[in-house]
Structures are given as structure tokens and as C-alpha cells.
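1. predicted model, plus sequence, below.
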Amino acid sequence: MEIKGIAAASGYGLGYAFLLQEPKVEVIRTALSQGGIEDEVARFEESVSRAIFELEAVRKTAGQKLGEDAAAIFSAHIMILEDPEYIGAISQKVRQDMINAEAAVEEVTKEYVVIFEGMDNEYLRERAADLIDRGKVAGFVTNIGGRTSHSAIMARSMGIPAVVGLKDIVDKVKAGDFIIVDGTDGKVMVNPPESVIQAYRRKQEAAMTKKREFEKLLHEKSITRDSVQVELVANIGNPEDAKGAIANGAEGVGLYRTEFLYMGRNELPSEEEQFKAYKEVAELFGQNHPVVIRTLDIGGDKELPYLEMPNEMNPFLGYRAIRLCLDQPEIFKTQLRAILRASVYGNVKMMYPMIATLQELRAANAILSEVKQELATENINFNSYMEVGIMVEIPAVAALASKFAKEVDFFSIGTNDLVQYTLAVDRMNEKISYLYQPLNPSVLSLIQNVITAAHNEHKWVGMCGEMAGDLTAIPILLGMGLDEFSMSASSVLAARALIRHLSQADAACIAQMVHNMDDAEKIKEYVEQAVPFISELR
């Protein structure tokens, strides 16, 4: 049986199926006597404390092995156990209904499930599948998710083949079935014949040979056949990720996600704590390699309970990122101080996320100027010439790029959000995944507009969305003149091999041809026919 899904992480995984499903637990409801109520509440609260302690240990281990991005799921679990409204409701249920804690947990949780199911948020339903043990997993497949879902991005960063968005795969596969996960073509084979298994084992061997060939490019430049050099850098979430990026040949950091310093805790990180995290990465890469730090991007799918953020009907379009920072300048100033202090230890640059208007950019820069004056008054060193840019995630900014280009040092195009906002498609919703099209002509037109506007002002342009590591997109982006490609560390060497195979002149011709096309699928087919080397890299 062959089942088609969404190719999330390339490679081939062969092995026996293990089904990770929600366990069915039967909870027995027990009535309490009046004298036993407070003892039962105390037993419940002790269990909560013990669970938090155990999850903290698991989160720490996951952070060390997989990075803070991966460990964030446990931070979310801890936040739930620390939520006074949820925990308080359970204690109240024990006292009010005089029932055992297990029954109270089940009943209160069911009430919350009804509330959450009423929210149109596919992202929340994915979180349980976000962590995997790379030492024991040959590949994974999921019912839900898309190429830019958190679990897919993690799979690529860890080099684990993955196919997502299969809708009902767990109903079609039994534990112990032999399956093949083809993360390159986005398909899953269940109990295939021996001839197919052997064919995929040969593909695995060829992939390992290819990986060894890629490793020869670790210390080579990312330069085209006609001597045009670009930067291939990595997206990271913490200093440990930075070490992995260096091991994979990254020439710097194009996106340092700082929000994970703020998550999984009960209070804001101090200036000193942030400074040390930024300084460590800056020193790892040194003065000759860029480290682009994104300011706090909290909101949407990432919440901080200690900030008491409002419940919103549409959080991805709501109170988040730069909007929150401008509204709570003291939080923003603490981070800006830490980044500026770290700027003297490497080639540090900074960018604001979710900018929508010039007024927001100017307001952020005004606060930055205040912080610089404070540091100067305190005789604290910082790089006063540190480059400051913005992420281009909102179509309004891409359309008005010529105005923004006059007031920034660089642009970094965040295609994950730019695509979903341009095409009005929830990138986490597999039911409409066919509409999530990075190669859609409207998206490509906006990207070209951003690059042209920046170059007209002699500014550089990077891209830190998943599109930057897409082998089919790279020739187009190179032809458009993109200066920096920031991607999962595991994608760097394949991208470098492709760029070294291309000439910028040929890529420019490809970009021009694509400009005249009106269909994303036809664009994909054209590029892959024009550059057959792409298929050899997958």
C-alpha cells in the first residue's frame, strides 16, 4: 500500500511502525467524605509539583540534545501545570463535587478541550507530535501538519525523513507493520514487497554517499560558476544550535530566535542572562561571520503566561512581536541593552519582526536610540554602527519596500508568514496545504520587489523562511539577486553544492522566465527541468 502526503524532510527511513497515539485511560470516579477533601486536594497539588519537577528535567535534557526549539513543547506542558486557572478549577471540582482528583482532572480537562476545539487553530493540535528521539527514529509520519509546521522544521534540522499531512495514516498502519518513509517524494509504503525494500536500501546507501560528498564542501565558499558569492547561514534558537550550524558549514546566523530565552519559565530573563546567550553565539562565529538577532517574537502560537497576554480571536494577526515590544518598552529596552552589549563580541546585526508600518519602525528605532544613549552614559561598550533591519513578513511592507529600504540597513524576508499572509492560507492546516505555495507568482513578485528596492538603496537582502533552503526555489532567488540564504543547518551543504553548480547569469534567466509564468506548479516543473542537478541533490 502506498500513501501520498507532504514531503516534510528529505531522506529515506525504513523500519517497523510504532504508533504514538493518545492512550485510553479509564478513570474511576470515587466519592469523598467531608473529612477527606483537603487531603485529596493536597495529594493533587503534590502530584502537580512532582510532574513539574519531572518535566523540567525532561525539558533540560531535550534542550541539551535537540535544542530549545525542540524542548519548547515541554515548556508548554509546564505552563499548563502552572496555570492557576486550570489547576484551581480542578481543586475546586474536588471540593465542590467531593470527588477524587483523577476524576476532577478528567472532567475539568474535558471542559477545556471543548473550549479549545472551538478555536480554529490547527497549530495547537500538532504540538503532541513535536518531539522525537533521533537515536531511535528512522523516520516519522503524521496525520496532520504541513512543510512549515514545527515538527517538520525540527525533522529537517535533525536530518530525520518525514512525511506529514497524511490525514488517516494511523488508521491504515498497525504497530509492527514494515513501512518506508520517503521524505523526498512525500510518500509512505506499508508492507511493501522485498524488491521495493531493497530498492530503498540502495537509495539510503546513495544518500549516505551523497552526504559524504557534501562534507567536502564544509569549508568551501558559496560561490557561483561566474564568481558571484552569496552567504549561506543558519537559523538557530540557542548557542547549542550555533555549534551545530558551524559543524554543518554555515557561514553565520541569519536568524537567532530569541523568544526561547523567555519561554518555559516564570519570569522575564534578565539583561545579564540574555547578554551571555547573545555573546556566546557572537564569539562562536567571530567578527567575520554575521549573527542576525531577531528581537522578541512572542504572540501568535507562543505565549508567556507571566505577561498575562489577552485572549484573541486571531492571535497571528494580533498583539505580538514588535507590537508587544512597543507597548511594553521596558521589556524591549532590556533586550536591546543585552544585544547592544553583545555587539562588540562579533559581527552582530539586529532585526525587528512583524513590522507593518514605517511608524512602527521609527518608534522601535527611537527606543533603540534611547538605549544607546543610556549605555553611553554608563560607559558600557557597544557597536554604535550595528546594522539594524526588519523582517519582511507582511505584504504591506513588501509592497512598500522602496520606502522602507531608505530607513533600514537590510531586509530579511520571512517567507513562512509572508506566504500565508499573501495567500490567506493557514500554513498549519493540511486541508488547505495545496494553497501554501512559496513559488506562487504573487509571492515571487513581492520578493523581487523587496530585493530590487533594497539594491536600489545599496542595501542587502536575506531570507530566513523555509523557502531559503528549498532547492527548487534557490535558482530563482539567486537569479533575483538574493544576497543571503538562511536555513536549517542540515540544508546548508546541499544548497552550497547547488549554488556552486549554477551561474548567476543562468539563474537570472530562470528568474526572468518564471516572472512570465502564472502557476506555481508549472514554475516548479520548469525550474527542475532547467536545473536537473536538483534531483541529484535530493
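-> Arrived safely, thanks for sending.
2. need the distance between the two termini of stretch 163-170.
-> 13 Å (C-alpha to C-alpha, to the nearest Å).
3. buried sites along that stretch?
-> Under the neighbour-count criterion of 16 or more other C-beta atoms under 10 Å, stretch 163-170 has Val163, Val164, Gly165, Leu166, Ile169 buried. C-beta: built from backbone N, CA, C; applies to glycine.
4. and that stretch, how far out from the chain middle?
-> 21 Å (C-alpha atoms, centre = their mean, to the nearest Å).
5. if we can go back for a sec, keep only those of the buried residues of stretch 163-170 that are in strands.
-> Among those, DSSP state E puts Val163, Val164 in strands.
6. could you dump the buried residues of stretch 163-170 to TSV with distance to Arg257 and pLDDT?
-> Compiled in TSV, the buried residues of stretch 163-170 are given as follows (distance: C-beta to C-beta, whole Å; pLDDT from 0 to 100):
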residue	distance to Arg257	pLDDT
Val163	26	90
Val164	21	87
Gly165	24	82
Leu166	28	80
Ile169	30	84
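7. ok, so of the buried residues of stretch 163-170, who is nearest Thr30?
-> Ile169 (38.1 Å; C-beta to C-beta).
8. and the closest residue to the closest one other than its chain neighbours, how far is that from Val181?
-> The shortest distance from Ile169 to any non-neighbouring residue, by C-beta to C-beta, 6 or more residues apart in numbering, is to Val141 (5.3 Å). Remark: distance between Val141 and Val181 (C-beta to C-beta, to the nearest Å) = 6 Å.
9. ditto for Asp483
-> On the measure of C-beta to C-beta, Asp483 and Val181 end up 35 Å apart.
10. any idea how far Ser535 is from the residue nearest to Ile169?
-> Counting by C-beta to C-beta - Val141 and Ser535 are separated by 23 Å.
11. neighbour count: these two, which is higher?
-> Val141 (25 against 11; other C-beta atoms under 10 Å).
12. surely the more buried one and Val164 touch.
-> Yes: under the contact definition of C-beta atoms under 8 Å, Val141 touches Val164, with a separation of 7.0 Å.
13. where in the stretch 351-500 of the chain is pLDDT low?
-> 428, 430 (pLDDT under 70).
14. the stretch 401-538 of the chain: helices as residue ranges?
-> With DSSP state H, counting those that start in this stretch as the criterion, the stretch 401-538 of the chain has helices at 401-404, 415-423, 441-456, 473-480, 492-501, 504-515, 520-530, 533-537.
15. so where do the strands sit in the stretch 51-200 of the chain?
-> 140-141, 162-164, 178-182, 187-190 (DSSP state E, counting those that start in this stretch).
16. check which helices and strands the first one is in contact with.
-> Think strand 140-141. Using 3 or more C-beta pairs under 8 Å, 6 or more residues apart in numbering; DSSP states H and E, the elements in contact with strand 140-141 are strand 162-164, strand 178-182.
17. so which of these comes closest to Lys403?
-> Nearest to Lys403, of the helices and strands packed on strand 140-141 and by C-beta to C-beta, is strand 162-164 at 38.4 Å.
18. show me what that closest one is packed against.
-> Judged by 3+ C-beta pairs under 8 Å, 6+ apart, strand 162-164 is in contact with strand 6-9, strand 140-141, helix 150-158, strand 178-182.
19. could you tell me which strands sit next to it in the sheet, and their orientation?
-> Neighbouring strands of strand 162-164 in its sheet, by DSSP bridges, are strand 6-9 (antiparallel), strand 140-141 (parallel).
20. in a markdown table: the ones you listed, plus distance to Ala454.
-> Output for those, formatted as a markdown table (distance: least, C-beta to C-beta, whole Å):
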| stretch | distance to Ala454 |
| --- | --- |
| strand 6-9 | 31 |
| strand 140-141 | 39 |
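21. so which of these comes closest to Val292?
-> Closest of those to Val292 is strand 6-9, at 24.2 Å (criterion: C-beta to C-beta).
22. beyond the closest one, next helix or strand please.
-> Once strand 6-9 ends, the next helix or strand along the chain (criterion: DSSP states H and E) is strand 12-16.
23. buried residues, that following strand. List them.
-> Those would be Tyr12, Gly13, Leu14, for strand 12-16 by 16+ other C-beta under 10 Å.
24. cool, stretch 357-370 as well?
-> Quick answer for stretch 357-370 (16+ other C-beta under 10 Å): Glu360, Leu361, Ala363, Ala364, Leu368.
25. quick check: the farthest pair among those residues?
-> Glu360 and Leu368 (12.6 Å).
26. just give the nearest non-adjacent residue to Phe404, would you?
-> Per C-beta to C-beta, 6+ apart, closest to Phe404 is Val397, 6.0 Å.
27. pretty sure that neighbour contacts Ile390?
-> Yes: taking C-beta under 8 Å as the definition, Val397 is a contact partner of Ile390 at 7.2 Å.
28. hey, what's in contact with both of those two?
-> By C-beta atoms under 8 Å, 6 or more residues apart in numbering, Val397 and Ile390 have these common neighbours: Ile355, Phe404.
29. just for the stretch 151-300 of the chain, where's the confidence low?
-> Low-confidence segments of the stretch 151-300 of the chain (pLDDT under 70): 151, 153-154, 157-158, 300.
30. one more time with 90
-> Applying pLDDT under 90 to the stretch 151-300 of the chain flags the ranges 151-162, 164-177, 183-186, 204-215, 237-241, 244, 259-267, 298-300.
31. helices of that one, start to end?
-> 169-172, 194-215, 239-247, 271-285.
32. as JSON lines, those with distance to Ala453 would be great.
-> Listed next are these as JSON lines, based on distance: least, C-beta to C-beta, whole Å:
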{"stretch": "helix 169-172", "distance to Ala453": "44"}
{"stretch": "helix 194-215", "distance to Ala453": "34"}
{"stretch": "helix 239-247", "distance to Ala453": "29"}
{"stretch": "helix 271-285", "distance to Ala453": "28"}
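33. out of those helices, nearest to Glu26?
-> helix 169-172 (21.1 Å).
34. might one say that Ile476 is in contact with Ile510?
-> Yes: between Ile476 and Ile510 a contact is recorded at 6.1 Å, counting by C-beta under 8 Å.
35. give me the common contacts of these two.
-> Val527.
36. now do the contacts for the residue nearest to Ile169.
-> Residues near Val141 by C-beta under 8 Å, 6+ apart: Gly5, Ala162, Val163, Val164, Leu166, Ile169, Ile179, Val181, Val188.
37. let's see it at 6 Å
-> Contacts for Val141 (C-beta atoms under 6 Å, 6 or more residues apart in numbering) come out as Val163, Leu166, Ile169, Val181, Val188.
38. what about the nearest residue to the last one once chain neighbours are set aside, neighbour count?
-> Spelled out, it's Val188. Nearest residue to Val188, sequence neighbours excluded (C-beta to C-beta, 6+ apart): Ile3, at 4.8 Å. Residues near Ile3, counting by other C-beta under 10 Å, number 18.
39. A strand includes Ile3, no?
-> Yes: using DSSP: H, G, I helix; E, B strand; the rest coil, the assignment for Ile3 is a strand.
40. pretty sure it sits against Val190.
-> No: assessed by C-beta atoms under 6 Å, Ile3 is found out of contact with Val190, at 7.1 Å.
41. follow-up on the earlier one: tell me which of Asp483 and Val181 has more neighbours.
-> A direct count of neighbours by other C-beta under 10 Å for Asp483 and Val181 places Val181 higher, at 28 against 20.
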